[in-house]
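below is the structure, and that's it, no one-letter string:
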């Protein structure tokens with residue numbers, strides 16, 4: 001087994017619920033900082049966690065953290081899309097502009113790849129560390145806390161720790177103890193059709209083959225209340241497309257449903273022939289889903305009344321895909337919380353949890369706001385203005401968001417934040 005850097009044991013026991021990107025990353029970061037970690041997930045196997053999914057993106061502020069986990073960023077780069085641009089088209093088919101991301105390399109790596117494949121790489125690293133207690137097939141049904149400890153009920157048994165991190169998504173049971181009431185996810189009014197299939201399915205199609213036969217590509221078509229994105233990976237051997245559309249359905253027990261090509265075609269009727277052809281050419285055995293986008297008002301807090309339980313990732317702040325920040329912000333959450341626990345020490349866990357929220361709250365919500373802004377920029381584009389200034393439909397890429405090191409920022413700010421908290425609330 002490989003040897004990994006781990007700081008001296010802190011004595012802090014951490015329970016993490018959810019082995020998605022947020023939970024796994026928090027587990028790795030807590031382990032790096034010397035905390036003792038137990039990770040629970042209801043999935044019975046890693047295959048159950050990673051076998052599905054499609055494209056996911058980590059911008060430099062998220063992906064730079066993978067560089068601290070030996071071998072992870074290198075493994076990701078081998079399977080990631082090898083493009084540094086996005087070609088944007090009018091919904092009728094005219095080319096408008098190419099947005100380059102090449103200059104962002106100075107900020108850190110950028111990873112776009114298959115969700116399940118990248119998840120599996122992080123999972124492998126968490127297992128290889130050898131010091132994280134990972135327990136699959138375990139269903140958490142409740143959270144609790146007092147002044148000295150927190151815990152969860154797992155399959156009817158109480159499990160205790162110094163702090164609990166809820167990372168099991170928008171339906172997290174941890175939200176109830178944080179908010180003080182049971183809340184339900186709501187429809188954002190939009191949903192996303194998502195498809196993934198081998199590039200060879202379109203390699204012989206004269207209209208589409210350029211998308212896969214000359215290496216990786218990344219293209220988008222922008223129209224009224226809909227945008228369509230397509231890309232290829234692994235030298236064109238894999239292909240995916242997604243489009244966001246208006247949806248008036250309610251969020252039910254499940255908000256992910258099998259999609260049908262004939263339904264997708266209704267949305268892109270009258271669009272550029274290449275868009276229609278991409279949808280038509282989707283193989284019958286492709287994974288095609290219709291994923292409802294969940295809406296949440298910004299939470300008043302991410303932490304429980306006694307500051308022993310913290311929400312991270314989608315449990316705290318679900319992002320729209322157009323933000324391109326949901327995954328990266330979930331990584332930042334775990335990085336900052338682990339660092340705050342390290343700096344506070346076992347005797348001041350509530351102070352660490354409060355500091356985590358103070359450090360993260362404004363940044364997360366500023367990043368979250370990027371999603372609706374980009375969607376509106378695209379779906380309600382003024383094409384007369386875009387013709388004069390094509391860059392108007394470029395994705396907003398700003399240094400405050402992307403050129404950011406969450407770990408370094410937490411180390412720099414913790415002392416001042418903690419001092420302010422202790423001055424304001426001496427009981428912490």
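That came through, no problem. Given the structure is predicted, the values throughout are model-derived calculations rather than measurements.

use CA for all of it now, contacts and neighbours both
Fine.

residue boundaries of the strands in the stretch 51-200 of the chain?
Taking DSSP state E, counting those that start in this stretch to define them, one finds strands in the stretch 51-200 of the chain at 55-58, 85-90, 95-100, 111-114, 133-136, 140-145, 150-154, 157-161, 163-166, 186-198.

out of those, which comes closest to residue 17?
Of all the strands of the stretch 51-200 of the chain, strand 163-166 sits nearest to residue 17, with 5.1 Å by CA to CA.

partner strands of the closest one and their direction?
Note on strand 163-166: by DSSP bridges, its sheet partners are strand 13-17 (parallel), strand 309-311 (parallel).

tell me the angle the first one makes with strand 140-145.
Right, strand 13-17. With axes from the mean of the first three to the mean of the last three CA atoms, to 10 degrees defining the directions, strand 13-17 sits at 140 degrees from strand 140-145.

pull the number of nearby residues for the closest residue to residue 208 other than its chain neighbours.
Closest residue to residue 208 apart from its sequence neighbours, by CA to CA, 6 or more residues apart in numbering: residue 202 at 6.1 Å. For residue 202, the neighbour count with other CA atoms under 10 Å is 22.

any idea which helix or strand carries residue 202?
Assessed by DSSP states H and E, residue 202 sits inside helix 200-203.

quick one: pLDDT of residue 230?
Predicted confidence (pLDDT) for residue 230: 98.

what strand or helix carries the closest residue to it other than its chain neighbours?
Leaving aside its chain neighbours, residue 230 sits nearest to residue 241 (4.2 Å; criterion: CA to CA, 6+ apart). For residue 241, the enclosing helix or strand under DSSP H and E is strand 238-246.

start and end of stretch 180-192, how far apart?
Stretch 180-192 has its terminal residues 31 Å apart, counting by CA to CA, to the nearest Å.

same question for that stretch, mean pLDDT?
78.

circling back to that earlier point, neighbours of the residue nearest to residue 230, just the number please.
Neighbours of residue 241 under the rule other CA under 10 Å: 24.

same deal with residue 176?
With other CA under 10 Å as criterion, residue 176 counts 15.

now do residue 188
18.

hang on, isn't it packed against residue 293?
Yes: look at residue 188 against residue 293 with CA atoms under 8 Å: they come within range, at 5.7 Å.

residue 61 versus residue 106, what's the distance?
Applying CA to CA, the value for residue 106 to residue 61 is 11 Å.

likewise for residue 116?
21 Å.

with neighbour numbers in mind, choose between those two.
Legend: neighbour count by other CA under 10 Å for residue 116 and residue 61, higher for residue 61 (24 against 19).

tally of neighbours for residue 232?
29.

quick one: it is in a helix?
No: the assignment for residue 232 (DSSP: H, G, I helix; E, B strand; the rest coil) gives strand, which keeps it out of a helix.

wait, doesn't it sit right on residue 238?
Yes: taking contacts as CA under 8 Å, residue 232 lies within contact range of residue 238: 5.6 Å.

overlap in contacts of those two?
Listed as contacting both residue 232 and residue 238 by CA atoms under 8 Å, 6 or more residues apart in numbering are 199, 212.

gap between stretch 394-408 and the chain center?
Mean C-alpha position of stretch 394-408 versus that of the full chain (CA atoms, centre = their mean, to the nearest Å) differs by 15 Å.

for that stretch, measure first residue to last.
Counting by CA to CA, you get 29 Å between the two ends of stretch 394-408.

what's next to it, contact-wise?
Residues outside stretch 394-408 that contact it (CA under 8 Å, 6+ apart): 59-61, 64-65, 99, 107-108, 332, 335-336, 339, 367, 374.

which of these fall in helices?
Counting by DSSP state H, the contacts of stretch 394-408 place 60, 61, 332, 335, 336, 339, 367, 374 in helices.

of those, grab the buried ones for ChimeraX.
To isolate the buried subset of the ones in helices among the contacts of stretch 394-408 in ChimeraX, counting by 16 or more other CA atoms under 10 Å, use the following:
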select :60,61,332,335,336,339,367,374
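
start to end distance for stretch 312-325?
Start-to-end, stretch 312-325 (CA to CA) is 14 Å.
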